[in-house]
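Participant: sharing a model prediction with you, sequence too.
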Amino acid sequence: MRVLPRNLRIGLLWLVGCVATLAALRAAAPADTVVAADGSGQYRSLQDAISAAPMRTGRNDAPWVIAVKPGTYKERIYVQRERGNIVVRGADAATTVVTFDLHANLPGPDGKPIGTFRTPTLQIDGDGMVWENLTIANSAGPVGQALALRADGDRLVFRKCRFLGWQDTILVNRGRHYFEDCYIEGHVDFIFGAATAYFARCHVHAVGDGYITAASTPEGTEYGFVFADGRITGAAGVKTYLGRPWRNYARTIFLRTEMAATVRPEGWDNWNKPTAEQTTFYAEFGSTGPGAAAGKRAAWSKPLTAAEAAALTPARVLGGTDGWNPAASVR
């Protein structure tokens with residue numbers, strides 16, 4: 001084994017120490033404001049705290065950090081476009097819960113059903129946000145479409161969050177989004193939309209027979225949904241498809257994913273649209289577990305080579321024209 005020169009070893013140790021110190025300082029940095037259901041913070045409501053945050057929309061603006069203490073916050077959250085660069089940090093996802101229960105069939109002011117897009121517990125129009133250690137839930141249950149999250153901003157990051165719902169749990173409507181070490185639960189089309197989204201080491205759990213994804217990737221868009229190094233499980237007896245195309249150019253890829261037997265052998269469904277088989281891009285690489293079903297996938301899905309899979313990093317998928325790398329976002 002080659003031994004590095006002493007000066008180089010000392011330099012490397014110094015660099016590692018600096019990085020560790022910087023990380024510790026960043027982790028210890030005080031929040032700008034605190035939300036606490038018991039009244040021990042500046043706000044009892046997360047919406048109130050977000051509405052009071054400064055309007056910092058520049059890419060180089062310092063983020064406004066909101067700490068959320070354990071508790072259940074039954075409220076709808078809306079982040080307007082003028083309030084980007086906010087970090088929302090829960091204590092931990094198990095004890096810090098934001099929930100509401102609107103669903104698509106509820107009557108609106110005009111007496112007509114409000115529809116899917118007006119149901120989210122959390123709706124984000126602002127750019128450059130980071131959400132950590134929170135549960136975002138729609139508790140309406142098995143009554144139709146009911147969003148936990150609607151993401152319309154750009155450069156949104158979610159770390160160690162839980163997203164709970166039934167049908168249409170997460171709508172990534174537009175923009176670029178990064179999910180890391182998250183838990184996502186649902187039944188039908190519970191991750192859907194036209195955005196580009198990367199799911200790193202996420203646990204996806206199907207609570208009923210259905211479809212995990214329903215991408216509506218616009219024609220000509222290079223990437224849709226990419227799931228990497230995660231796992232798929234399901235409730236007892238549940239069978240699910242990896243995805244079906246909400247729009248005909250849907251793009252969804254699973255990389256190195258552990259799949260329980262809940263995943264159907266054919267993997268993908270064409271939503272009764274045979275023409276979509278010619279335009280969608282559904283692909284896998286390195287799937288493992290009883291749901292991997294090598295050789296049994298829909299004939300129109302695509303295998304990836306090791307080189308193609310290795311190239312699909314978060315920075316590559318989400319970089320866009322501005323070179324965004326979610327690894328560099330505030331932690």
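Facilitator: Sure, I can see it. Numbers count the residues shown, from 1 in each chain.
Participant: so which residues of the stretch 1-150 of the chain form helices?
Facilitator: Listed in chain order, the helices of the stretch 1-150 of the chain (DSSP state H, counting those that start in this stretch) span 6-28, 46-51.
Participant: which of the ones you listed has the lowest average pLDDT?
Facilitator: Of all these, the minimum mean pLDDT falls on helix 6-28 (a mean of 38).
Participant: where does the stretch 51-200 of the chain dip in pLDDT?
Facilitator: Regions of the stretch 51-200 of the chain meeting the criterion pLDDT under 70 cover residues 57.
Participant: would you confirm that A309 contacts F285?
Facilitator: Yes: A309 lies in contact with F285 (C-beta atoms under 8 Å); the separation is 3.8 Å. Every C-beta, even on glycine, is put in place using the N, C-alpha and C of the backbone.
Participant: name the residues contacting each of the two.
Facilitator: Common contacts of A309 and F285 (C-beta atoms under 8 Å, 6 or more residues apart in numbering): 255-256.
Participant: so what's the gap between stretch 268-285 and the chain middle?
Facilitator: Centre-to-centre, stretch 268-285 and its host chain are 22 Å apart (C-alpha atoms, centre = their mean, to the nearest Å).
Participant: actually stretch 240-252, not the one I wrote
Facilitator: 17 Å.
Participant: quick one: terminal-to-terminal distance for it?
Facilitator: 15 Å (C-alpha to C-alpha, to the nearest Å).
Participant: quickly list what T33 is bridged to.
Facilitator: On DSSP bridges, the residues paired with T33 through beta bridges are I66.
Participant: ok, it - contacts?
Facilitator: Contacts for T33 (C-beta under 8 Å, 6+ apart) come out as 41-43, 49, 52-53, 64-67.
Participant: of those, select the buried ones using a ChimeraX command.
Facilitator: Only the buried members of the contacts of T33 enter the following ChimeraX selection, criterion being 16 or more other C-beta atoms under 10 Å:
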select :41,42,43,49,53,64,65,66,67
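Participant: turn the contacts of T33 into JSON lines, columns for distance to T116.
Facilitator: Output for the contacts of T33, formatted as JSON lines (distance: C-beta to C-beta, whole Å):
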{"residue": "G41", "distance to T116": "33"}
{"residue": "Q42", "distance to T116": "34"}
{"residue": "Y43", "distance to T116": "30"}
{"residue": "A49", "distance to T116": "27"}
{"residue": "A52", "distance to T116": "30"}
{"residue": "A53", "distance to T116": "28"}
{"residue": "W64", "distance to T116": "30"}
{"residue": "V65", "distance to T116": "32"}
{"residue": "I66", "distance to T116": "28"}
{"residue": "A67", "distance to T116": "32"}
